[in-house]
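[1] Could you look at this predicted model? Sequence included:
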Amino acid sequence: MVNSTILRVSDLNVAARARDGSMMPIVSDISFSIELGKVLALIGESGSGKTTISLAAMGYARPGCVITGGEVDLAGTSILSLDFPARRKLRGSDISYVAQSAAASFNAALRLGLQVTETPIIKGLMSAARAHEKAVSLYRELDLPDPETIGQRYPHQVSGGQLQRLMAAMAMICDPKLLILDEPTTALDVTTQIEVLHAFKKLIRERQTSAIYVSHDLAVVAQIADHILVLKDGQIVEYGDAEQIVHAPRETYTRELLAAAHVLPKTIPTKKPVPQAARHQPLLKVGNVTAAFGAKSEFIALKDVNLELAEARTLGIIGESGSGKTTLGRVICGLKAPLTGQVTLDGQVLAPSIRQRDCDQLRSIQFAFQMAETALNPRHTVGKILGRPLQFYFNLSGEETARRVGELLELVEMPASFARRLPRELSGGQRQRVNLARALAAEPRMVICDEITSALDTIVAKAILHLLDDLQKRLKVAYVFISHDISTVAQISHDIAVMRNGVIVASGPTADILKPPHHEYTELLLSSVPEMRTDWLDDVANSRVNTLKAAQ
Amino acid sequence: MSNAEPAGLRRLASELTPTAIVCLTIIALAAFIAIFAPAIAPYDEGTILTNESFASPGNGMLLGSDYLGRDIASRLGFGIRTTLSVALAISVIAFLIGSAFGFFAAIMGGWTDTVVSRTVDALISFPAIMIALIVVSSLGSSFLVLIVTVAVIDSTRVYRVARALGMDIVVQDYIEAARVRGEGTGWIIWHELLPNALGPLAAEFGIRFTYAILFVSALSFLGLGVQPPHSDLGLMVKENMQGLLYGSFSPLYPALAIAMVTVSTNILVDWYLKSTDANLPEEL
């Protein structure tokens, strides 16, 4: 083939129009090209412009944004010189897009098959029967269960990973020249992520489709991309082939990204195990707790859970979505009453619900929420957010409160002047620091951290982990650190408990849990964390197929 | 919040469109007349100046006389005063009742919510004008009965809006955070919920206020609202209706006043919603 370049983007500029009409550049001078059947990954933190670029490749700019310059050439067609109806004609058939949240992209009231085959039918490219046939063959290629009948189901009847693959089927049904995948596995559990990644990779390889893969996770990208474009603040930091970026990065920023990626460190820097003396009188004890939801408590969320947390230590709780880890946190702090069993703090049995706990008990256990965006009232200033617990628990005067708020901000490494700001005037990392500072304002014995680093960029998350560690040393506070990410938990915890379907399947000191022999589920979790090499996915896929065969 | 508010107002001021300025002027003028009617009206609302019905403008009567020979301009001033103050009182009471119950139901959920909501549904299922007619005609028409009756009817509509707004807010983590801290329901409603519901509620207040004007005017027109010799815009329309037969404009002035105030309020609410909505993505 003489010209196998599918997409060529040159000197692309996109800007946002400010309220006064002035233009603020979002991405500047981006150039890259994609060959037939190759995958280019766009990688960067939030706000680096990766989604903006991938949308611009379809000739689309989000409301408020304008493509101010550059060329986008798709297999000989200059997209930006086309008018809007002509661009729309290309979308869905020549270029297609897979969004981050498949759950939000499907219409819950329509059958899946109807939605997957919609594009070719309304564009008049295929008959309904032909589109259905095509869909079934795609389902099969994507390893979906019951390919003949899965189209009859509704979105809520399939799992998150399956939905994401159905979304891919929808995108691939017109045999697009270019497929754009925007963080397609970010919202999935690690074990599901592997299945989806594997299915995508197989599909792209077999169909010889070119693709843009947008992600913040270098280890994931390394599995699927041929070339990687590293972005920061709308500009190209480094552009090279995947092997080179992963093994021989040239730029400092790329190295930082690599260092912060969610991979298990080769030698696990486990913390010193808790001495026996400290174990003797645990700070927190969860004894035989069972909790359930539903009118008749028919959905069991926790089954006979036993845990202990020693003073000034960290207990990590790992599990996938639906494992009951968040419910456990809510039972400990009294937001959810257990069906049976009890929680003891310092040998004192805690009442099942918040209303019955006394002020000192409430103060001792604090909760830090996952999403700092929603955990901070958008109408309260940082000063009010941090000041309220001080007044509530310690009845401080206005002056003392202001002084203490300043100290708290300093504690989480933020300037005291931030007390006057509103949450929306802070960055994601800063909000999470304020969220943490609010929990610490109560001078608690322990803080329950529910996925507090999961929504953050890897580099920011790393800084928060350092801060947690530092605070523990200074304030002697204990943490229950809940996360789905085993690599994060491993770095911070003294002890680990692995949860699945409401049951603790393994628990013990971090080093013991991570050292073989593991419980089979721990093994599955550990082996599902992507490694920073390009052939990891294929290895894992092969070994799982072999295990399956052996089992049969 | 204290330092966020002026910035918000300043931003709103910078968004003023010509239409919004006209509407604001009309409302300011109406408010001025309502407040200072006793001072600026040449005559009292009940004084009969001439025995000529529907006299043409002149003889110190700017808009002529009404069916009893009273000064229309003066009565219009007092009418605006009565109608606006009654409507305002109704709206304020309706909002206090409606949003208190609405937020409470949203935050408690479960049984409390079901009981309150079904009760409100039952009230809503009666046509508003019917309830008002029955209550006012059986209790007798006074300002107190009128205001309380219409406010209670209106509060059911406010309840719906407040509950829906509250439902969206109570699922936010910051409400959960306040609960974990051990805060009481009252504090959570006042400090966490209310500030976030204020914008949409303010817009709803504008709409409800215009409905209250129309509702009171309609009741007065039917003879069950404000009683003579007090003046009210709806009442004035009714009293002077036959003037149309004699070529008098007298019923048109109060009608025009009702239209101008309600339409202006509606346009202002639309403008407010549009300009605050456009302000939303200020994180960009």
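    Right, received. Where do you want to start?
[2] The stretch 51-200 of chain B against chain A: which residues are in contact?
    For the stretch 51-200 of chain B, the contact set with chain A under CB under 8 Å from any CB of the partner chain comprises B:172-174, B:176-177, B:179-183, B:191-192, B:195-196. (Glycine included, C-beta is placed from N, CA and C.)
[3] wait, which of those residues is closest to B:Pro57?
    Ranked by distance to B:Pro57 (CB to CB), those are led by B:Pro195 at 50.9 Å.
[4] doesn't A:Asn377 make contact with the closest one?
    Yes - with contact defined as CB atoms under 8 Å, B:Pro195 counts as touching A:Asn377 (7.3 Å).
[5] Just give me the neighbour total for B:Thr210.
    Here the count is done by other CB atoms under 10 Å in any protein chain shown, and B:Thr210 has 19 residues near it.
[6] what's it in contact with, if anything?
    Applying CB atoms under 8 Å, 6 or more residues apart in numbering or on different chains to B:Thr210 gives the contacts B:Val261, B:Thr262, B:Thr265, B:Asn266.
[7] let's see 10 Å
    B:Ala87, B:Ser91, B:Ile258, B:Val261, B:Thr262, B:Val263, B:Ser264, B:Thr265, B:Asn266, B:Val269 (CB atoms under 10 Å, 6 or more residues apart in numbering or on different chains).
[8] mind checking how far the first one is from chain A?
    Taking CB to the nearest CB, to the nearest Å as the measure, B:Ala87 and chain A are separated by 29 Å.
[9] Tell me if that residue really is in a strand.
    No - the assignment for B:Ala87 (DSSP: H, G, I helix; E, B strand; the rest coil) gives helix, which keeps it out of a strand.
[10] What pLDDT is listed against the residue of the stretch 101-250 of chain A found nearest chain B?
    Scanning the stretch 101-250 of chain A for the residue nearest chain B gives A:Gly234, at 13.5 Å (criterion: CB to the nearest CB). We note a pLDDT of 87 for A:Gly234 in this prediction.
[11] How about the one 5 residues further on?
    You'll see A:Tyr239 listed with a pLDDT of 91.
[12] Skipping adjacent residues, who's closest to residue 246 in space?
    Here I'm looking at chain A. Nearest residue to A:Val246, sequence neighbours excluded (CB to CB, 6 or more residues apart in numbering or on different chains): A:Ala222, at 4.9 Å.
[13] Let me rephrase: I mean chain B.
    In space, and not counting its chain neighbours, B:Tyr246 is closest to B:Phe54: 5.2 Å by CB to CB, 6+ apart.
[14] And B:Gly102, by the same measure?
    For B:Gly102, ignoring the flanking residues on the chain, the nearest one in space by CB to CB, 6+ apart is B:Ala162 at 2.7 Å.
[15] Enumerate every residue touching the one you found.
    Residues touching B:Ala162, when contacts are defined by CB under 10 Å, 6+ apart, comprise B:95, B:97-106, B:155, B:193-194, B:197, B:200-201, B:204.
[16] If you count neighbours, what's buried in the helix or strand hosting it?
    The secondary structure element spanning B:Ala162 is helix B:143-170 (assigned by DSSP states H and E). By neighbour count with 16 or more other CB atoms under 10 Å in any protein chain shown, helix B:143-170 contains the buried residues B:145-163, B:165-167, B:169-170.
[17] what do you get for stretch A:447-467?
    Neighbour-count burial for stretch A:447-467 [16+ other CB under 10 Å]: A:447-465, A:467.
[18] Just the ones of these in helices?
    When DSSP state H defines the helices, the subset of those inside them is A:Thr458, A:Ile459, A:Val460, A:Ala461, A:Lys462, A:Ala463, A:Ile464, A:Leu465, A:Leu467.
[19] So the last one sits against A:Asn435, correct?
    Read that as A:Leu467. No - with the criterion set as CB atoms under 10 Å, A:Leu467 and A:Asn435 do not qualify as a contacting pair; they are 11.6 Å apart.
[20] Touching both of the two, which residues are there?
    Taking CB under 10 Å, 6+ apart as the contact definition, A:Leu467 and A:Asn435 share the neighbouring residues A:Val412.
[21] This completes my enquiry, with thanks.
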